[in-house]
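In: Build me a structure from this.
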Amino acid sequence: SHPSYRHMADRCGTVFLQKQLNQQLTNHIRETLPSLRDKLQRQMLGLEKEVAQYKHFQPNDPSIKTKAMLQMIQHLQQDFERAIEGSGADGVNTMELSGGAKINRLFHERFPYEIVKMEIDEKVLRKEIAFAIRNIHGIRVGLFTPDMAFEAIVKTQIGRLREPSLKCIDLVVQELTNVVRAVTEKMQRYPRLREEAERIITTYIREKEQACKEQVMLLVDFQLAYMNTNHEDFIGFANASSDSQNAENTGKKLGKVTNQVIRKGYMAINNLGITARNKNYWFVLSSESLSWYKDGEEKEKKFMLPLEQLKLRDLESSFMSRGHMFAIYNPEGRNVFKDFKTLDLSCETQDDMDSWKASFLRAGVYPEKQTSEGTVGEGEEEGERRESVDPQLERQVETIRNLVDSYMKIVTTSCKDQVPKIIMFLMVNDAKAFINGELLAALYSTGDTQNMMEESADEALKREEMLRMYHACKEALNIIAEVSNVTLGGGASKMSTPSYGQSNAAPARRPPPPSASPRLPPARPAPGGLPPPLVPSRR
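Out: Numbers count the residues shown, from 1 in each chain. Below is the predicted model of the structure:
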């Protein structure tokens, strides 16, 4: 009641505090409700699509089970088709090759690489040709080059094509199995249906694998049955002697017409010392050289290595290196890079290393031959040189060697073309046709479709949790709508009414302030109280 506090008398007391707090709460609700409502609406819209199939769901309804089974099989057919053919952009794997892209790489990179890796060593081949010529002549001195030696050596070489062909089939089967496992993951809601579908498809692929291998073996037997020496690409005996040097160099580098770029990418060099070990460089492989740069901008070139007379071999990864390793070296023991005998390279994944090896193969850098090349002693090599000193035998060996090289190019070209076609026809396309046409009938033939369509316990919990979240969001939105009507519709005065520790009686009225006197002496402070502020005089 002091005149110094008269101007703030209406802002004191619990009634005013309650009004202020209610006003702040109302303002906070007005500011928060829109964002909270938007968040709940987005969450509810996201759940509506999934909840739509659960609203009237009855787990034991046969019609719902049949419909769900048909939908699952239809989605499986579409996903398998997209994985093999590459159509569509849903769920594309951006980390590694898979499905049809992986099979394509097996056909055109891995399979030719395995064929080249199976080629016999040059020294061993010439030794076999010399023994074959001598054994065919017998006790007689041969005046002419025997064609039986050519046929015997070619049959041996053709027989070696079985192993890479069968390995290609095994790799394709493995990739198809991975694709089936991936496309059946969407059937986790019905675990028994998923297991049965995966078992049926995998069993069918295994059956086709056996038929495919038998057909490939027949293809090799066809090549062994008849030597078509009248083939238009075969050089023949007449040209084998005169064009021996040209025939030897024919086709050594696949696709080498100009110095064209074959592949680019990052690899690590592992034998440059501790400071530069495992450092990634940007490599550019062309048909004549291998260059590496500091980065992908190709501005700072580190080195350019000619590929002439180079080979490559696999290396075992050590604790100081990472990834999968292989080395480039010179068979004659010369330095490859500065003072290093080898250039040790590493890739992060096995697929990257196989792709780089196939690219080096196109550039003419062949892998190390897997033969017993170092088992021949020096004495045996000397004996071999002494035995092969006959110039006529040397000419016959050179002629047969050129004939074998020319004919094997025809056979390997046919094999690289026919084996992928056999695999696609008998296994991949047949698997697609089986999934599209016979998988559903095979599932019904088991006679246990009702048990196969039993939901998993996790799926039932997921459905209940989703429905609970959906109804909770819906109820929260209704509450927010009611609160919005109160706070934004003029109901603030209702919220500002006292709600605690207050009687229904009207509050006591403040006594009116006494009339102001011209001058009042300063009041003494009460015990423990504060003195009123000094009012300046108006003199």
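In: the helices in the stretch 201-350 of the chain, which residues?
Out: Per DSSP state H, counting those that start in this stretch, the stretch 201-350 of the chain carries helices over the ranges 236-242, 244-249, 350-362.
In: Any idea how many residues pack against the nearest residue to residue 233 once chain neighbours are set aside?
Out: Spatial nearest neighbour of residue 233, excluding adjacent residues (C-beta to C-beta, 6 or more residues apart in numbering): residue 410 at 5.4 Å. The C-beta positions use only the backbone N, C-alpha and C, and glycine is treated the same way. Around residue 410 there are 15 other residues, counting by other C-beta atoms under 10 Å.
In: Check the average confidence over the helix or strand that contains residue 401, would you?
Out: Residue 401 belongs to helix 391-423 when assigned by DSSP states H and E. On average, the pLDDT along helix 391-423 is 85.
In: contacts for whatever helix or strand comes next after it?
Out: Per DSSP H and E, helix 391-423 leads on to helix 429-437 as the next helix or strand towards the C-terminus. Residues outside helix 429-437 that contact it (C-beta atoms under 8 Å, 6 or more residues apart in numbering): 76, 77, 80, 81, 84, 176, 201, 204, 205, 208.
In: distance of residue 438 from residue 430?
Out: 10 Å (C-beta to C-beta, to the nearest Å).
In: Neighbour count: those two, which is higher?
Out: Comparing residue 438 with residue 430 by other C-beta under 10 Å, the one with more neighbours is residue 430, at 17 against 13.
In: Report the central residue of the protein.
Out: The geometric centre of the chain, computed from its C-alpha atoms, lies nearest to residue 96 (C-alpha atoms, centre = their mean), at 2.1 Å.
In: was I right about that residue contacting residue 349?
Out: Yes - using C-beta atoms under 8 Å as the test, residue 96 is close enough to residue 349 to be in contact (7.2 Å).
In: re earlier: give the helix, strand or coil label for the residue nearest to the centre of the chain.
Out: Secondary structure assignment for residue 96 (DSSP: H, G, I helix; E, B strand; the rest coil): coil.
In: Next, give phi and psi for it.
Out: Listed backbone geometry of residue 96 is phi -160, psi 170, with angles given as degrees, to the nearest 10.
In: Now for it: which residues touch it?
Out: Residue 96 makes contact with 349, 351, according to C-beta under 8 Å, 6+ apart.
In: next one: residue 359
Out: The neighbourhood of residue 359, defined by C-beta under 8 Å, 6+ apart, consists of 109, 262, 263, 285.
In: Excluding residues flanking it in the chain, which one is nearest it?
Out: Leaving aside its sequence neighbours, residue 359 sits nearest to residue 263 (C-beta to C-beta, 6+ apart; 4.0 Å).
In: Angles on the backbone of the residue lying closest to residue 69 once chain neighbours are set aside, please.
Out: With C-beta to C-beta, 6+ apart as the measure, residue 453 is the residue that lies nearest to residue 69, at 5.9 Å, once sequence neighbours are left out. Dihedral angles phi and psi of residue 453 (degrees, to the nearest 10) take the values phi -90, psi 20.
In: doesn't residue 67 make contact with residue 453?
Out: No - at 10.2 Å, residue 453 does not count as touching residue 67 under the criterion of C-beta under 8 Å.
In: between these two, who's got more neighbours?
Out: Legend: neighbour count by other C-beta under 10 Å for residue 453 and residue 67, higher for residue 453 (19 against 12).
In: From residue 180, how far off is that one?
Out: Relative to residue 180, and taking C-beta to C-beta, residue 453 is found at 20 Å.
In: re earlier: among the helices of the stretch 201-350 of the chain, show the one with the smallest mean pLDDT.
Out: Ranked by mean pLDDT, those bottom out at helix 244-249, which scores a mean of 44.
In: residues near the residue nearest to residue 359, how many?
Out: 16.
In: give me every residue that touches it.
Out: For residue 263, the residues meeting the contact criterion (C-beta under 8 Å, 6+ apart) are 283, 284, 285, 355, 356, 359.
In: Quickly note the distance from the fourth one to residue 103.
Out: From residue 355 over to residue 103 the distance is 14 Å, taken as C-beta to C-beta.
In: got it, and the second one?
Out: Residue 284 sits at a distance of 28 Å from residue 103 (criterion: C-beta to C-beta).
In: ok, and the closest non-adjacent residue to residue 231?
Out: Take residue 231 and drop its neighbours on the chain: the residue closest to it by C-beta to C-beta, 6+ apart is residue 410, 5.6 Å away.
In: wait, doesn't that neighbour sit right on residue 232?
Out: No - in this structure residue 410 lies outside contact range of residue 232 using C-beta under 8 Å: 9.3 Å.
In: In terms of helices and strands, where is residue 179?
Out: Secondary structure here is read from DSSP H and E; on that basis residue 179 sits in helix 162-183.
In: mind listing what's buried in that helix?
Out: Burial within helix 162-183, assessed by neighbour count using 16 or more other C-beta atoms under 10 Å, is assigned to 162, 164-166, 168-169, 171-173, 175-176, 179-180, 182-183.
In: And those, which two are furthest apart?
Out: Maximum pairwise distance among the buried residues of helix 162-183 (C-beta to C-beta): 32.0 Å, between 162 and 183.
In: From the chain's centroid, how far away is the helix ranked longest in the chain?
Out: For the chain, the helix with the greatest residue count under DSSP state H is helix 14-51. Between the mean C-alpha point of helix 14-51 and the mean C-alpha point of its chain there is a distance of 45 Å (C-alpha atoms, centre = their mean, to the nearest Å).
In: name the helices or strands packed onto it?
Out: Using 3 or more C-beta pairs under 8 Å, 6 or more residues apart in numbering; DSSP states H and E as the contact criterion, the secondary-structure elements in contact with helix 14-51 are helix 457-488, helix 492-495.
In: elements contacting the following helix or strand past it?
Out: Helices and strands here follow DSSP H and E; after helix 14-51, the next one along the chain is helix 62-85. Contact partners of helix 62-85 among helices and strands, from 3+ C-beta pairs under 8 Å, 6+ apart: helix 100-105, helix 162-183, helix 191-225, helix 429-437, helix 439-445, helix 449-452.
In: Other residues contacting helix 62-85?
Out: Contact partners of helix 62-85, identified using C-beta under 8 Å, 6+ apart, comprise 57-58, 87-88, 90, 98-100, 103, 179-180, 182-184, 186-187, 189-190, 193, 197, 428, 431-432, 435-436, 439-440, 443, 449-450, 452-453.
In: at 6 Å what do you get?
Out: Contacting residues not belonging to helix 62-85 are listed as 88, 99, 100, 179, 183, 187, 435, 436, 440, 453 [C-beta atoms under 6 Å, 6 or more residues apart in numbering].
In: among those residues, which two are most distant?
Out: Using C-beta to C-beta, the two most remote members of the contacts of helix 62-85 are 100 and 453, lying 30.9 Å apart.
In: Could you list the low-confidence segments of the stretch 251-400 of the chain?
Out: 251-259, 273-278, 317-322, 369-392 (pLDDT under 70).
In: do that again at 90, thanks
Out: 251-282, 284-400 (pLDDT under 90).
In: same thing with the stretch 401-539 of the chain?
Out: In the predicted model, the stretch 401-539 of the chain carries pLDDT under 90 at residues 401-409, 437, 439-539.
In: next one: the stretch 1-150 of the chain
Out: Low-confidence segments of the stretch 1-150 of the chain (pLDDT under 90): 1-75, 78-79, 81-102, 105, 108-110, 112-150.
In: Please repeat the previous calculation with a cut-off of 80.
Out: With pLDDT under 80 as the threshold, the stretch 1-150 of the chain has low-confidence stretches at 1-13, 26, 29-34, 43-65, 86-97, 117-147, 149.
In: Residue 164: what's its closest spatial neighbour, skipping adjacent residues?
Out: residue 114 (3.7 Å).
In: Tell me how many other residues crowd that neighbour.
Out: Once other C-beta under 10 Å is used to define contacts, residue 114 is seen to have 20 neighbours.
In: cool, and residue 97?
Out: A count of nearby residues for residue 97, using other C-beta under 10 Å, gives 16.
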